[in-house]
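> Quick one: sequence and predicted model below, then my questions.
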Amino acid sequence: MNAIDTMRTNIILFAAFLALASCGGEKTLEDKKAELDQLNVEMAKLQNKISLLQEELAAADPSLLEAKEEEGILVGVKTLEPEMFQHFFEVNGSIEAVEIANVSPEQGGQIKEITVKEGDQVSAGTVLAKLNTSVLASSVNELEEGIALAQTVYDRQARLWEQKVGSELQYLQAKNNLEALQKKRETLMAQMAMSTIKAPFNGVVDRIMQKAGELAAPGMPVLTLVNMGEMKVKADVSENYVQAVKAGAHVDIDFPAFGYQTTAPIKNVSNIINPANRSFSVEVRVTNSKGILKPNGVATLRIMDFEADASLVVPAIAISKDAKGDFVYVAANTEGKTVAQKRYIKIGRSSDGNTRILEGLAEGDKVIVNGYNEVANGDLVRIQG
């Protein structure tokens, strides 16, 4: 076993030792995060030492790497070509029904009957409950009798007036009395209509808060009606993205608790920044024809805030870092051989496991994406496939 293989074996043993050591005792989430950060730092230091040692060995005594040079390290590469790069960010939001109402009567009274039960599907205009209207009904019956008498008096005065018998004042008084009673009847009938509670829209009776015999009043909910056919997701977005989020832009929506994903346009973007948390609200409408989604559930919005075509993109995992900066290994032809070359790069944004390269690479470069952690600068490599 040569020095390089010994060093790699030591790394494996060191990592295994740390993993075993970390298993003892209960640790908090913060402790585990801190430990992971420390392990990553230690691993990066060891990998950097291996790279430097390999380079020194290759320069001082090439015979130590003869076996490697004869066979080459098997690697996988990605040949860079200009492609579209998109960056996304995620925010959590809550599900709300577009149409939901706590239904109450327009006037007070005793509940005579509730004609629906929880879970019933109703259409707009369906009678949900009725109030006791016996007093109003009695008043209407009495008024009908008065209207009948007023009609008779008016008809008689009208005939006499046509024959020029009697005074005009008597005729006008009879007419006015009849019209006043008719208007009073219209008022009573309207009050009776307001004693019937009807569904304001299509929906499901979600909850009934009162029972027959109890007193109902305007503003005191008798039941809750919700339309499950369409939902809205509302989320607060940091003001840092205010220039990137626009109404009409499509976003990916994940409903983890319901096992459902979809895409929908942004319906509305608030024009006001909330000073309490420096955010603005966005709203997305989602069709819920199957009734999967429930109000007050949680949703995750995935919103694109950056897009660039003709970008050079590499897997983020293939990028390493040392004291000089970020670098990747590129499979290049040197004196008729394919070797790994260390290229320092300037990186841009990362999204979905990919990183946009701003400087250091060119179209056609073969970036090592598999086996990158097994090679050093100048190592002979073999490309898979």
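Great, that's in hand. Keep in mind the model is a prediction, meaning the values are calculated, not measured. Numbers count the residues shown, from 1 in each chain.

> May I see the buried residues of stretch 37-47?
Using 16 or more other CB atoms under 10 Å as the burial criterion, the residues of stretch 37-47 that qualify are L46, Q47. The way it works is simple: take the backbone N, C-alpha and C, and place the C-beta from them, glycine included.

> how far out from the middle of the chain is it?
Here stretch 37-47 is found 36 Å from its chain centre; the criterion is CA atoms, centre = their mean, to the nearest Å.

> what's G291 sitting at in phi/psi?
Backbone torsions for G291, taken as degrees, to the nearest 10, come to phi 70, psi 30.

> So it is in contact with V226, correct?
No - in this structure, G291 is not within contact of V226 by CB atoms under 8 Å, at 10.7 Å.

> So if I had to pick from those two, which one is more boxed in?
Applying other CB atoms under 10 Å to G291 and V226 shows that V226 carries more neighbours, namely 20 against 10.

> Which pLDDT value goes with the nearest residue to I272 once chain neighbours are set aside?
For I272, the nearest residue in space outside its immediate sequence neighbours is F280; the separation is 6.7 Å by CB to CB, 6 or more residues apart in numbering. The predicted local confidence for F280 comes out at a pLDDT of 97.

> and if you look at the one 5 residues further on?
In this model, R285 is scored at 97, pLDDT.

> same check, this time on L20
Reading off the confidence values, L20 has pLDDT 47.

> And F14, by the same measure?
Among the per-residue scores, F14 holds a pLDDT of 52.

> now swap in K68 and tell me
pLDDT recorded at K68 is 49.

> ditto for the one 10 residues further on
Confidence at K78, expressed as pLDDT, is 96.

> Please tell me I have it right and it contacts V367.
Yes - contact status for K78 versus V367: in contact at 5.1 Å, counting by CB under 8 Å.

> Looking at those two, which one has more neighbours?
Between K78 and V367, counted using other CB under 10 Å, the more crowded position is V367 (25 against 16).

> wait, what's in contact with that one?
The neighbours of V367, taking CB atoms under 8 Å, 6 or more residues apart in numbering as the test, are V77, K78, L80, V314, A318, V328, Y329, V330, A331, L361.

> Beta-bridge partners for T79, please?
Beta bridges link T79 to K366, judged by DSSP bridges.

> ok, now A299?
Listed by DSSP bridges, the beta-bridge partners for A299 are G93.

> what about it, how many neighbours?
Using other CB under 10 Å, the number of residues around A299 comes to 26.

> my read: it touches F255, true?
Yes - between A299 and F255 there is a contact under CB under 8 Å: 5.2 Å.

> overlap in contacts of K78 and V367?
Once CB under 8 Å, 6+ apart is applied, the residues that K78 and V367 both contact turn out to be V314, A318.

> how about the nearest residue to V75 once chain neighbours are set aside, phi and psi?
Taking CB to CB, 6+ apart, and ignoring the residues beside it in sequence, V75 has G371 as its nearest neighbour in space, at 3.8 Å. The phi and psi values for G371, taken as degrees, to the nearest 10, are phi 90, psi 10.

> Compute the number of surrounding residues for G371.
Under the criterion other CB under 10 Å, the count of neighbours that G371 has is 21.

> Now do the contacts for it.
So G371 contacts I73, L74, V75, G76, V381 (CB under 8 Å, 6+ apart).

> List just the nearest of these to E307.
Ranking these by separation from E307, with CB to CB as the measure, puts G76 on top at 27.8 Å.

> Spatially nearest residue to the closest one (excluding sequence neighbours)?
Taking CB to CB, 6+ apart, and ignoring the residues beside it in sequence, G76 has N370 as its nearest neighbour in space, at 3.0 Å.
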